[in-house]
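> model the following, please.
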Amino acid sequence: MLLLAVHDHAGTIIGAVIDDGEHPTPTPVPPEDYTLARIELTDEQARLPLDELCTRMRVDARTNTLTALDDNSAV
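Numbers count the residues shown, from 1 in each chain. Take a look at the predicted model:
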C-alpha cells in the first residue's frame, strides 16, 4: 500500500491519500514550498487510519519513510 503525502520541509503532512493499487487514486498537488512523497507503508502503518498516519507521523525525506512524531522512531 502506498501513501501519497504532501509535506513541508519539516516533514509535517498537510494532506494525503492512500493508494491501494486496486482503485483509481487522486494525486495530491503540493503547493509552492511543499513536496509530494510516495511512501510504501509497512504492514503496521497500513493498518492505521489515514487521519492517524497524518497526525501521528511525519515524512523523513532522506529515507522516504514515516517517522513517529513522539519519539522519532519509524513505525
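> grab the nearest non-local neighbour of the residue positioned nearest the centre of the chain.
Centroid-nearest residue in the chain, with Cα atoms, centre = their mean: residue 5, separated by 4.2 Å. Spatially, and ignoring its direct neighbours in sequence, residue 5 is nearest to residue 16 (4.1 Å; Cβ to Cβ, 6 or more residues apart in numbering). Where you see a C-beta, it was placed from the backbone N, CA and C, and this is true even at glycine.
> may I have the secondary structure class of that neighbour?
strand (DSSP: H, G, I helix; E, B strand; the rest coil).
> ok, it touching residue 25?
No - here residue 16 lies out of contact with residue 25, judged by Cβ atoms under 8 Å, at a distance of 10.8 Å.
> before we move on, the earlier item: which helix or strand contains the residue nearest to the centre of the chain?
Using DSSP states H and E, residue 5 maps to strand 2-7.
> buried sites along that strand?
3, 4, 5, 6, 7 (16 or more other Cβ atoms under 10 Å).
> and the contacts of that strand?
Residues from elsewhere that reach strand 2-7, judged by Cβ atoms under 8 Å, 6 or more residues apart in numbering: 13-19, 21, 25, 27-31, 34-41, 45, 53-54, 58-59, 61, 66.
> show me where the protein has its helices.
Remark: helices assigned in the chain by DSSP state H are 43-46, 50-56.
> can you redo these as TSV with mean pLDDT, distance to residue 70 and mean neighbour count?
Shown next, in TSV, are those (pLDDT from 0 to 100; distance: least, Cβ to Cβ, whole Å; neighbours: other Cβ atoms under 10 Å):
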stretch	mean pLDDT	distance to residue 70	mean neighbour count
helix 43-46	96	15	12
helix 50-56	95	7	14
